[in-house]
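S.K.: From the sequence below, what's the structure:
(2 chains)
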Amino acid sequence: MNCASAIDLMGDAIEGCLAANLKDDFDEHVQACTPCGAYFEQLCFTRKALALLSPRSRTSGRRDELMKRFKSEFGGEDP
Amino acid sequence: MLGEGEEKLLVKLRSGDETAFSTLFEELNPRLHGLARTFASSPALAEDIVQETWLAVIRGLRGFEGRSSLRTWIFSILVRRARTMSARERRRGGVVMHSNLSEDGSGIEWEPGRGRVGLWEESPTPWHLDDPAGVLQSRELIEILERALESLPELQRQVVLLRDVEDVSSTEVCNVLGITETNQRVLLHRGRARIRKALDRYLQDESNTLARSPSRRNEGQARTVASRPVTASPPDGSGPTHE
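M.R.: Take a look at the predicted model:
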């Protein structure tokens, strides 16, 4: 497997959904090729880090308006 | 498409259970804001988009057919509202959109089959993190990630946010954003690559002691002394170095 093919497969590989018939060749390439190996490892880390980004908790001043709308829609009250 | 938990939640919502709605609101509102910000030119517009989305959710709950998860359905509503409202805002004038140029400004973006072109100029070198879990928890790293995500072109940012932050499946992301599977894969790789690059700059920074392992710190000291490339040095940093 060459670098271009390995790079094309990295998205699937970091999600663990690489086709079985490609996995051995891919693994062999990233182990043998230092730039691809480092890039792959760093993409995995990047994805792991992104998964840890939690949305900032925020309050909405318009929450009350929504609750009223919800009550009105499902509880029969006037908005 | 709905799991058992979502089926129950839907029943509660349709029966007017305010606690269920409140819980859904608390869980999803920050995420909706995050997605809305990728479309909106201002926090105020993002706030409006989210509010309009919730109102549409309330109106549409009875008609929701469960063809996707509840969360994906709500994301889809937001995307439609956001596109309409952002376009209206742009027509009012003066809104500068994110650049679609590559990170180095060359305009070269990665394409499948082109190898490293658009991904890196200098070959990536390992980060040698001794404590990756600790690095992942660093506030500084989180800020770098957030800034990198914020700087992505709009559609890349939306794909990365939905796939990697929100863990929405690729099929659902394609449906939510109205893009093809191929396009989604390319955008995702480009987005991840740019964020990797931002992390690389941070983690390769000699002055950044937090992210550097003791062996790399020794490398740095040896480099300073020997002024030549070093790949390893003994723990005390006094032994021979290797070209």
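S.K.: C-alpha only now, for contacts and for neighbours.
M.R.: OK.
S.K.: Return the alpha-carbon coordinates of stretch B:131-141 using PDB.
M.R.: Taking C-alpha atoms only, stretch B:131-141 is exported to PDB below (Å, rounded to 0.1, in the frame of the first residue of the first chain):
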ATOM      1  CA  ASP B 131       0.700  11.200  29.500                       C
ATOM      2  CA  PRO B 132      -1.800  11.600  26.600                       C
ATOM      3  CA  ALA B 133      -4.800  11.300  29.000                       C
ATOM      4  CA  GLY B 134      -3.400  14.200  31.000                       C
ATOM      5  CA  VAL B 135      -2.800  16.300  27.900                       C
ATOM      6  CA  LEU B 136      -6.300  15.700  26.800                       C
ATOM      7  CA  GLN B 137      -7.500  17.200  30.100                       C
ATOM      8  CA  SER B 138      -5.400  20.300  29.800                       C
ATOM      9  CA  ARG B 139      -7.500  23.500  29.600                       C
ATOM     10  CA  GLU B 140      -4.900  25.000  27.200                       C
ATOM     11  CA  LEU B 141      -5.400  22.100  24.800                       C
END
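S.K.: Quick check: buried residues in that stretch?
M.R.: For stretch B:131-141, the neighbour count (16 or more other C-alpha atoms under 10 Å in any protein chain shown) marks B:135-136, B:141 as buried.
S.K.: for chain B, what are the low-confidence residue spans?
M.R.: For chain B, the stretches with pLDDT under 70 are B:1-2, B:93-107, B:206-243.
S.K.: Chain A now?
M.R.: Where chain A drops to pLDDT under 70, the residues are A:55-61, A:76-79.
S.K.: which residue ranges form the helices in chain B?
M.R.: Using DSSP state H, the helices found in chain B span residues B:4-14, B:18-37, B:43-60, B:70-92, B:132-136, B:139-150, B:154-160, B:170-177, B:181-203, B:214-226.
S.K.: Ok, chain A next?
M.R.: A:3-14, A:20-32, A:34-51, A:63-75.
S.K.: which one of those helices has the most crowded surroundings?
M.R.: Of those, the one with the most neighbours on average (mean count of other C-alpha atoms under 10 Å in any protein chain shown) is helix A:34-51, at a mean of 20.
S.K.: now the residue in chain A that chain B sits nearest to, nearest residue through space, not along the chain?
M.R.: Using C-alpha to the nearest C-alpha, the closest approach of chain A to chain B is made by A:Ala4 at 3.6 Å. If the residues on either side of it in the chain are set aside, A:Ala4 comes closest to B:Gly115, at 3.6 Å by C-alpha to C-alpha, 6 or more residues apart in numbering or on different chains.
S.K.: so the one you found touches A:Asp8, yeah?
M.R.: Yes: taking contacts as C-alpha atoms under 8 Å, B:Gly115 lies within contact range of A:Asp8: 7.5 Å.
S.K.: For chain A, what lies in contact range of chain B?
M.R.: Within chain A, the residues that sit near chain B (C-alpha under 8 Å from any C-alpha of the partner chain) are A:3-5, A:7-8, A:11, A:34-36, A:38-39, A:41-43, A:46-47, A:49-58, A:62, A:66-67, A:69-71, A:73-75.
S.K.: What's the nearest residue in chain B when you look at chain A?
M.R.: Scanning chain B for the residue nearest chain A gives B:Gly115, at 3.6 Å (criterion: C-alpha to the nearest C-alpha).
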